[in-house]
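S.K.: predicted model follows, preceded by the sequence.
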Amino acid sequence: MENNQAVGAKIRSIRESKQLSIEDVAARSGLSLRQIEDIENNKVFPSLSPLIKIARTLGVRLGTFLDDQAELGPVICRSGECRKRNGLSFSNNATVSHKHMEYFALSQGKSGRHMEPFMIDIAHAHDADFILSTHEGEEFLYVLEGVVEINYGKNSYILEEGDSIYYDSIVAHHVHAYNGNPARILGIVYTP
């Protein structure tokens, strides 16, 4: 099962275990019924924002959608291991959804965590027709390879290898590869 399919199935399983209907989740999260159905049925590559809203509504951490186990002690992710076992694709929140980012969890299995660290491969965006997203929390991004552009509020920032940015996620934002070339970043998402 692809990880995106596992995420849809896990969301459905958690929702059903809490005896919530899709309509309940839509009403509580502010997402559309169709959007939640499409995510659960793996019809779209979701952006991060709706997954955070669904996690909040279900009363779980974002990482719960990737976790296979719960580890109380430290979690080590050896070079190359995380990329092999737990990639999750997201869209660029465009009007026409397509794979834009592939997230690799670096803390999979760590129970009780408050941060979600990811290695993120950013594909070339085929168009610049994206929608800025907002969600609770904060994000820290560090550019490992390539160049990325971050639209944040009314500003735009170009970050090159070695550059980083820390921002409040409640401000409308979007991260994408710059000038048509792929990039790789370390991203840490904190949701209170």
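M.R.: Now that the structure is in, tell me what you want to look at. Worth saying up front: this structure is predicted, and the values here are computed from it rather than measured.
S.K.: alpha carbons only for contacts and neighbour counts from here, please
M.R.: OK.
S.K.: count the neighbours of the nearest residue to residue 153 once chain neighbours are set aside for me.
M.R.: Nearest non-adjacent residue to residue 153, counting by C-alpha to C-alpha, 6 or more residues apart in numbering: residue 172, 5.2 Å away. Applying other C-alpha atoms under 10 Å, we find 15 residues neighbouring residue 172.
S.K.: any idea how far the residue nearest in space to the middle of the chain lies from residue 173?
M.R.: Nearest to the mean C-alpha position of the chain, by C-alpha atoms, centre = their mean, lies residue 48 at 3.5 Å. Going from residue 48 to residue 173 by C-alpha to C-alpha, to the nearest Å gives 11 Å.
S.K.: contacting residues around the residue nearest to residue 153?
M.R.: Contacts for residue 172 (C-alpha atoms under 8 Å, 6 or more residues apart in numbering) come out as 132, 133, 134, 152, 153.
S.K.: okay, now the third one: neighbour count?
M.R.: Looking back up the chat, that one is residue 134. Neighbours of residue 134 (other C-alpha under 10 Å): 19.
S.K.: look at it and report its pLDDT.
M.R.: Residue 134 carries a pLDDT value of 86.
S.K.: got a list of what it touches?
M.R.: Residues in contact with residue 134 (C-alpha under 8 Å, 6+ apart) are 49, 169, 170, 171, 172, 173.
S.K.: redo those as CSV? Include pLDDT.
M.R.: Formatted as CSV, those follow (pLDDT from 0 to 100):
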residue, pLDDT
49, 82
169, 91
170, 92
171, 95
172, 93
173, 93
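S.K.: pick the one among those closest to residue 61.
M.R.: Nearest to residue 61 out of the contacts of residue 134 is residue 49 (C-alpha to C-alpha; 13.0 Å).
S.K.: please name the residues that touch the closest one.
M.R.: Per C-alpha under 8 Å, 6+ apart, neighbours of residue 49: 133, 134, 135.
S.K.: neighbours of residue 57, just the number please.
M.R.: So residue 57, with other C-alpha under 10 Å, has 17 neighbours.
S.K.: looking at this, it is in a helix?
M.R.: Yes: assigned with DSSP: H, G, I helix; E, B strand; the rest coil, residue 57 falls within a helix.
S.K.: any idea how far residue 25 is from it?
M.R.: Taking C-alpha to C-alpha, one finds residue 57 at 6 Å from residue 25.
S.K.: list residues touching both of the two?
M.R.: By C-alpha under 8 Å, 6+ apart, no residue touches both residue 57 and residue 25.
S.K.: for residue 10, helix, strand, or coil?
M.R.: Per three-state DSSP, residue 10 ends up helix.
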